[in-house]
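Visitor: Any chance you could fold what I've pasted below:
(one chain, ligands or ions: 1)
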Amino acid sequence: MKKETKIFSGIKPSGDLTIGNYIGAISQWVEIQKDNECVFSIVDYHAITVKQDPADLRRRILDIAKTYLAAGIDPKKSIIFQQSQIPAHTELAWILNCTGTNMADLKKMTQFKDKAGDKQDGVSVGLFDYPVLMAADILLYDAQIVPVGEDQKQHVELTRDIAKRFNNEYGTIFTIPEARVHKAGARVMSLSDPTKKMAKSDESKLGYIALLDSPEVARKKIMKAVTDSGDDIDYDPINRPALANLLTIYARLGNREIPRLVKDNKGKGYGEFKKALADVVVKFLENFQEKFNSISDEETEKVLEDGKNRALAIAEEKMKKIRQAIGVR
Ligand code: AQP
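Guide: Sure thing, here's the model as predicted:
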């Protein structure tokens, strides 16, 4: 990666953040921010594509900002801001709805198909249109790289298509971004169903470990995690996806390499392995929560205010060029 590459990424406050969000997204950001110009958002207008309780939503916005800080995002270097505070995101999404995006593009999106299921006519237009708002988020900041988990790769591909079509029509306005998926832990799977991604809005709370779960709850969830047939410890994502998922979590939260973990756990049964994994997860959560709890709401609000001002300056400058290009200014 070139030095000072522009990076954009975000998380929507649709539930309490999970170790999947940490492994697949936030932990990568902490590394990436060292040498790059990063913008990290709490993309709250994405969360309201499905019904949210207003008080919960407000609390989660602050909690996500605090999570970024507790995980090691440095607000002096990187911009941390709340998407809804910058009107340019929704303005640009509307423009891209009209130029660059076709209905057929959105109908292909796997996440929409998964989330809407067989009720496509009953879900909000926002859920269908979500990838266009995401394209606006990325394109406003001229992001070159978008670090995401595997599940969001398709949306970044669509962003590239939208940007190219817009540029063809109006001249080179947008930078064409690229998705960057961290190989290990790109897709952390549900603890109760290893064929499904671990998701913060999963109705089954046993499927995910929230970053703010108490150690007892986290331990219980690990001990109840489904396993595959077989009783030795081996890494085989095709035939033993549940165990492969647990090994990935162990490796990423315990800072270990999978082959080494397999070697060290040879001869152990699932019960013993899960106990060791639970210890690693609990230790990680305790460290994380200690940092999280030491950050006040006031401090977090200040970071968001500063981030808003910095993001606003970049977004407004970009919007001026876009408004001129399409002829409304
Ligand atoms: N299970 C996961 N494994 C790896 N990465 C993941 N991410 C989410 N879940 C996993 C990554 O976290 C970032 C933020 O995602 P988001 O909240 O904006 O959207 P999402 O992918 O829809 O996340 P969830 O947790 O699944 O939310 P819900 O349940 O509300 O839909 C992204 O980079 C994502 O790849």
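Visitor: from here on, contacts and neighbour counts on C-alpha atoms
Guide: Fine.
Visitor: Show me what G10 is bridged to.
Guide: Beta-bridge partners recorded for G10 (DSSP bridges): S41.
Visitor: Quickly note the distance from it to Y170.
Guide: Per Cα to Cα, to the nearest Å, G10 is found 27 Å from Y170.
Visitor: And the two? Which one has more around it.
Guide: Between G10 and Y170, counting by other Cα atoms under 10 Å, G10 is the more crowded of the two (24 against 15).
Visitor: Tell me if I'm right that the more buried one and V43 touch.
Guide: Yes - counting by Cα atoms under 8 Å, G10 touches V43, with 5.9 Å between them.
Visitor: and the helix of greatest length in the chain, what does it pack onto?
Guide: Assignment by DSSP state H gives helix 297-326 as the longest helix of the chain. Judged by 3 or more Cα pairs under 8 Å, 6 or more residues apart in numbering; DSSP states H and E, the packing partners of helix 297-326 are helix 54-71, strand 79-82, helix 88-98, helix 125-140.
Visitor: Those: which one's closest to V281?
Guide: Set against V281 and scored by Cα to Cα, those come closest in helix 54-71, at 14.9 Å.
Visitor: and the closest one with helix 297-326, angle?
Guide: With axes from the mean of the first three to the mean of the last three Cα atoms, to 10 degrees applied, the angle from helix 54-71 to helix 297-326 works out at 100 degrees.
Visitor: Show residues contacting helix 54-71.
Guide: 11, 13-17, 26-27, 30, 42, 44, 75, 80-82, 288-289, 291-292, 295, 297, 300-301, 304 (Cα atoms under 8 Å, 6 or more residues apart in numbering).
Visitor: One more: stretch 306-323?
Guide: By Cα under 8 Å, 6+ apart, the residues outside stretch 306-323 that reach it are 39, 75, 79-82, 85-86, 88, 92, 140-141, 173, 329.
Visitor: before we move on, what about stretch 157-170?
Guide: Residues contacting stretch 157-170 (Cα under 8 Å, 6+ apart): 96, 99-101, 105, 131-132, 134-135, 138-139, 173-179, 325-326.
Visitor: how about low-confidence regions in the stretch 1-150 of the chain?
Guide: 1-3 (pLDDT under 70).
Visitor: any idea how far S41 is from the residue of the stretch 201-329 of the chain at minimum distance from the ligand?
Guide: Going by Cα to the nearest ligand atom, the ligand is nearest to S201 of the stretch 201-329 of the chain, at 3.7 Å. S201 sits 19 Å away from S41, taking Cα to Cα as the criterion.
Visitor: What ranges does this protein have for its strands?
Guide: Per DSSP state E, the chain carries strands over the ranges 6-11, 37-42, 79-82, 145-148, 178-181.
Visitor: ok, G327 - how many residues close by?
Guide: Residues near G327, counting by other Cα under 10 Å, number 9.
Visitor: I misspoke; the intended subject was V282.
Guide: V282 has 20 nearby residues by other Cα under 10 Å.
Visitor: what's the answer for the one 5 residues further on, then?
Guide: The criterion is other Cα under 10 Å. On that basis, N287 has 12 neighbouring residues.
Visitor: same question, E317
Guide: For E317, using other Cα under 10 Å, the count is 12.
Visitor: Q154 against F112, yeah?
Guide: No - shown here, Q154 and F112 do not form a contact pair, counting by Cα under 8 Å, at 11.1 Å.
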